[in-house]
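Peer 1: Below are the sequence and a predicted model for it; my questions follow.
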There are 2 protein chains.
Amino acid sequence: MTGSLPLPPGPPDPGKARQALVLSTVGEPEQLRSDAARNRTRLLDAASRLMAERGAANLTMESVAAAAGVGKGTVFRRFGDRTGLLIALLDHREGLLQAAFLSGPPPMGPDAPAAERLHAFGPAVMRHERDHHELILASRTDPLRAYAVPAHRLRLSHVAMLLRGARVEGDTELLAHTLLGSIDAALVHHLTRRRGMPLEALDQGWHDLVSRLGAAR
Amino acid sequence: MTGSLPLPPGPPDPGKARQALVLSTVGEPEQLRSDAARNRTRLLDAASRLMAERGAANLTMESVAAAAGVGKGTVFRRFGDRTGLLIALLDHREGLLQAAFLSGPPPMGPDAPAAERLHAFGPAVMRHERDHHELILASRTDPLRAYAVPAHRLRLSHVAMLLRGARVEGDTELLAHTLLGSIDAALVHHLTRRRGMPLEALDQGWHDLVSRLGAAR
DNA sequence: ACATTAAACGGACCACGGTCCGCTTGCTCC
DNA sequence: GGAGCAAGCGGACCGTGGTCCGTTTAATGT
């Protein structure tokens, strides 16, 4: 989230990085000049519409700029590059999922015991990924970039927290990475679409894995 | 491996897909016309040299073609696209690793018990990835493509086999995916380079994970 | 109101990946 | 060794991502 511009604006953030992560549910694009803010929303709307019409693969920066009625340079200034635009777009759609596990009702939300929340987390993420796979996959041009996306970092710290809450022993950060890896969008898509594995089998695999790591339901 | 051309030549493979996977240690580029074969090796040599000189990011298809003394079209004909070239290049370098776990000495090779082989597998893969991270990361443009690379499929079926050999219960294919995901090149690079985690901690995490899945050493 | 200035804008420009198609060349079969 | 032909070749061509820089504009201070 944060819609932080990849390079142009630099890091004006003095000392609240930690809070920024916690608060980074869904994008507060930090203050922009009025014209810039207006163009930002125009661009996201245009991109969203074009993607729905012609698919992510056919989404060109120039067409987005034209549809939003701005110059191409403006798109790059705002989002850094094509991937940045796609990530910003994706960001818009993470709100519900994040609300569900941060503050929603049990079993995902904070009123359920940690182990239960953990068990509920995987299936919910996989369904979210199924629903947005085109955008997610399209935004994965650079394999390293995914780890820097705030939405991913939020998931990671959330899972690590749940592991600790469920009294799972060991390096919880590493285990969280492993758990998230097992429900990675690309893997899920590969297994369900190309290999024909039903999503329920993946749910089962998730529960099995979580249990083996020591978080009984 | 197999260096099978992504699209142009089509699927002339009648009914030995399974054997092909098993045999696909390191590339037998199926029979090519003499000039094509010669150009193929020239191209791989040129690409390898240019990559060493200027880095993977600066490797352009045109420069490779020029360095090999062929036309640009030839490069695309042979490797399909840039990613195909990078994967073919990577293929060349997988030989030692594959030999080590397919037919090398214990603890990786076939003369050790399955659980022990499994424990030895992770650290070996991670070191291989560390040594070739630039090429591996550069070849990961399309997140789905990685699953289709024969080297990956070989690792997958190998790990699944070891899991069965170690009498691990459950969906071994799914578990193998999870295990491989936990030592994915991008993740390892992220954790060691960007997060400063020592590789030994990842080794430890691997042993821990394998043990929790039920393969005691 | 006006001056000042940093930020935003936009489109010409460039480099690279990928395609296309007319030409050439190495194989196979007589 | 020659004919026929599928495979290979190469470079002109095109679309798109990304950069650059001269111009415009919104905010701020007086």
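Peer 2: Structure's in. What do you need?
Peer 1: tell me which parts of chain A are close to DNA strand D?
Peer 2: Those residues of chain A that sit near DNA strand D, judged by Cβ under 7 Å from any atom of the strand, are A:33-35, A:58-62, A:72-73, A:76, A:81-83. No exception for glycine: its C-beta is placed from N, CA and C like everyone else's.
Peer 1: TSV for these, including pLDDT?
Peer 2: What follows is these, written out as TSV (pLDDT from 0 to 100):
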residue	pLDDT
A:33	90
A:34	90
A:35	92
A:58	96
A:59	97
A:60	98
A:61	98
A:62	97
A:72	96
A:73	96
A:76	98
A:81	97
A:82	98
A:83	97
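Peer 1: Which of those sits closest to chain B?
Peer 2: Distances from chain B to the residues of chain A next to DNA strand D, taken as Cβ to the nearest Cβ, are shortest for residue A:83 (11.1 Å).
Peer 1: any idea how far the closest one lies from residue A:206?
Peer 2: Residue A:83 sits 28 Å away from residue A:206, taking Cβ to Cβ, to the nearest Å as the criterion.
Peer 1: Tell me which of those two has more neighbours.
Peer 2: Using other Cβ atoms under 10 Å in any protein chain shown as the criterion, residue A:83 and residue A:206 rank with residue A:206 on top: 23 against 17.
Peer 1: Columns secondary structure and distance to DNA strand C on top of the residues of chain A next to DNA strand D, output as TSV?
Peer 2: TSV is the format used below for the residues of chain A next to DNA strand D (DSSP: H, G, I helix; E, B strand; the rest coil; distance: Cβ to the nearest atom of the strand, whole Å):
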residue	secondary structure	distance to DNA strand C
A:33	coil	4
A:34	helix	9
A:35	helix	4
A:58	helix	14
A:59	coil	16
A:60	coil	12
A:61	helix	10
A:62	helix	8
A:72	helix	4
A:73	helix	2
A:76	helix	7
A:81	coil	13
A:82	helix	13
A:83	helix	15
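Peer 1: most centrally placed residue in chain A?
Peer 2: residue A:151 (4.0 Å; Cα atoms, centre = their mean).
Peer 1: What is the least confident helix or strand in chain A?
Peer 2: helix A:17-23 (a mean of 38; mean pLDDT, DSSP states H and E).
Peer 1: so what's residue A:8 scoring on pLDDT?
Peer 2: Residue A:8 is assigned a predicted lDDT (pLDDT) of 41.
Peer 1: what's the answer for residue A:1, then?
Peer 2: You'll see residue A:1 listed with a pLDDT of 43.
Peer 1: quick one on the thing from earlier: now the residue nearest to the centre of chain A: how far from DNA strand D?
Peer 2: Between residue A:151 and DNA strand D the distance is 20 Å, computed by Cβ to the nearest atom of the strand, to the nearest Å.
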